[in-house]
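A.B. asks: Provided below are the primary sequence and the corresponding predicted coordinates.
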Amino acid sequence: MANGDRTRRMGRMIRSGLRRYPRHLWESLVHHNRHHGHAPGAHPPGLEFDASLGAVWLGHATVLLHIADRWILTDPVFSHRVGPRVGKRTLGISRDRPMPVDPEHLPHIDVVVISHAHFDHLDRPTLERLAHERTTVITAERTGSLIPPGFASIIELCPGRAVHIGGLHIKAMPVAHWGSRVAVDRGRGCNAYTIESPDHRVVFAGDTAETDAFDDIDGANLAIFGIGAYEPWEHAHATPEQVWRMVNGIGAAYMMPIHHSTFELSDEAPDDPMRRLLEVAGDDGSRIIGRTVGELWTHE
């Protein structure tokens, strides 16, 4: 990228941040934090089912997966606000929509999968609630120290490495993103994952710009991709049209869109990512599942 283009992009990102972060930081200081929130009267969205593969979008990049009789959570964030902790307060952005279910109603989680260390993907208060001696955490390189204690094990994977857990084969893949927790720790990793049982394959992309890193995947039952936060961050978050190309490149039967309309991270309107995705999908729109937070999808 030419220096002029880089400067213009940096200017757009700074202006974008100034439109929202000062307001959210002020709200962080004047309002008490809530570490989780759920819709009033929320109840479990039918989590007991006979299908061998199921998924529920819980907001942002958090998906509850059921595969090979195991329960998996991706990038779990239950908190009302995400960001660094200062004393008893979290300084950062707040949710625009609540959790669709009280986290206490979730089943026991066998595996937590974390893509990278950004605060909206690795949320320590949520992980403290999930810590259990029978739960394993899979996370990116040099992020294990950020995971609170209490889990059965914490396994760091670099791209290309894999682990077998309870009948599942989980492999890390590279993405076009970065993994720093704060500006000065750019050595942390950032992953996508394939999660496979003998009968099914799920691709969890985490955060990524458009990339050819998924080209070697030969089919998937479900591809979980972020479709938001691209304006003006397309170099880090793919647009809906770019995501649809990657999903079709994988040969995924179904696609679950995530990372939109939960936290205000960018300049596009909250409904733009889903509208654009459905437009580019056209007659194949029936392959897009989990369009509504809390909606249960199952597949034999």
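C.D. replies: Sure, I can see it.

A.B. asks: burial of Met173, as a residue count?
C.D. replies: Per other Cβ atoms under 10 Å, the neighbour tally for Met173 reads 23. The C-beta positions use only the backbone N, C-alpha and C, and glycine is treated the same way.

A.B. asks: Show me what it bridges to in the sheet.
C.D. replies: Ala192 (DSSP bridges).

A.B. asks: correct me, but it touches Ala192?
C.D. replies: Yes - counting by Cβ atoms under 8 Å, Met173 does reach Ala192; the two are 4.3 Å apart.

A.B. asks: what sits in contact with each of those two?
C.D. replies: 213-214 (Cβ atoms under 8 Å, 6 or more residues apart in numbering).

A.B. asks: Check the secondary structure at Ile195 for me.
C.D. replies: strand (DSSP: H, G, I helix; E, B strand; the rest coil).

A.B. asks: Ile165 pairs with what?
C.D. replies: Leu168.

A.B. asks: Show the model's pLDDT score for it.
C.D. replies: For Ile165, the model assigns a pLDDT of 96.

A.B. asks: Offset the numbering so it begins at 17, please.
C.D. replies: With 17 as the first residue, the last one maps to Ile181.

A.B. asks: just checking, it touches Val127?
C.D. replies: Yes - between Ile181 and Val127 a contact is recorded at 5.9 Å, counting by Cβ under 8 Å.

A.B. asks: which of those two has more neighbours?
C.D. replies: A side-by-side neighbour count of Ile181 and Val127, using other Cβ under 10 Å, places Val127 first with 23 against 18.

A.B. asks: Just give the closest residue to the more buried one, not the sequence neighbours.
C.D. replies: Ile88 (4.7 Å; Cβ to Cβ, 6 or more residues apart in numbering).

A.B. asks: Give me the common contacts of Ile181 and Val127.
C.D. replies: With Cβ under 8 Å, 6+ apart as the test, Ile181 and Val127 both reach 86, 152, 154.

A.B. asks: Let me see the contact set for the second one.
C.D. replies: Spelled out, that is Thr152. 126-128, 167-171, 181.

A.B. asks: redo that, cut-off 7 Å
C.D. replies: For Thr152, the contact set (Cβ atoms under 7 Å, 6 or more residues apart in numbering) comprises 127, 167-169, 171, 181.

A.B. asks: hang on, Asn264 in a helix?
C.D. replies: Yes - under three-state DSSP, Asn264 falls within a helix.

A.B. asks: residues in contact with the residue nearest the centre of the chain?
C.D. replies: For the chain, Ala77 is the residue whose C-alpha lies nearest the centre (Cα atoms, centre = their mean; 2.3 Å). Contacts for Ala77 (Cβ under 7 Å, 6+ apart) come out as 90-91, 137, 222, 242, 274-275.

A.B. asks: possible to save these as TSV with distance to Met115 and secondary structure?
C.D. replies: Shown next, in TSV, are those (distance: Cβ to Cβ, whole Å; DSSP: H, G, I helix; E, B strand; the rest coil):
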residue	distance to Met115	secondary structure
Thr90	15	strand
Asp91	14	coil
His137	16	coil
Gly222	20	coil
Gly242	18	strand
Ile274	14	strand
His275	16	coil
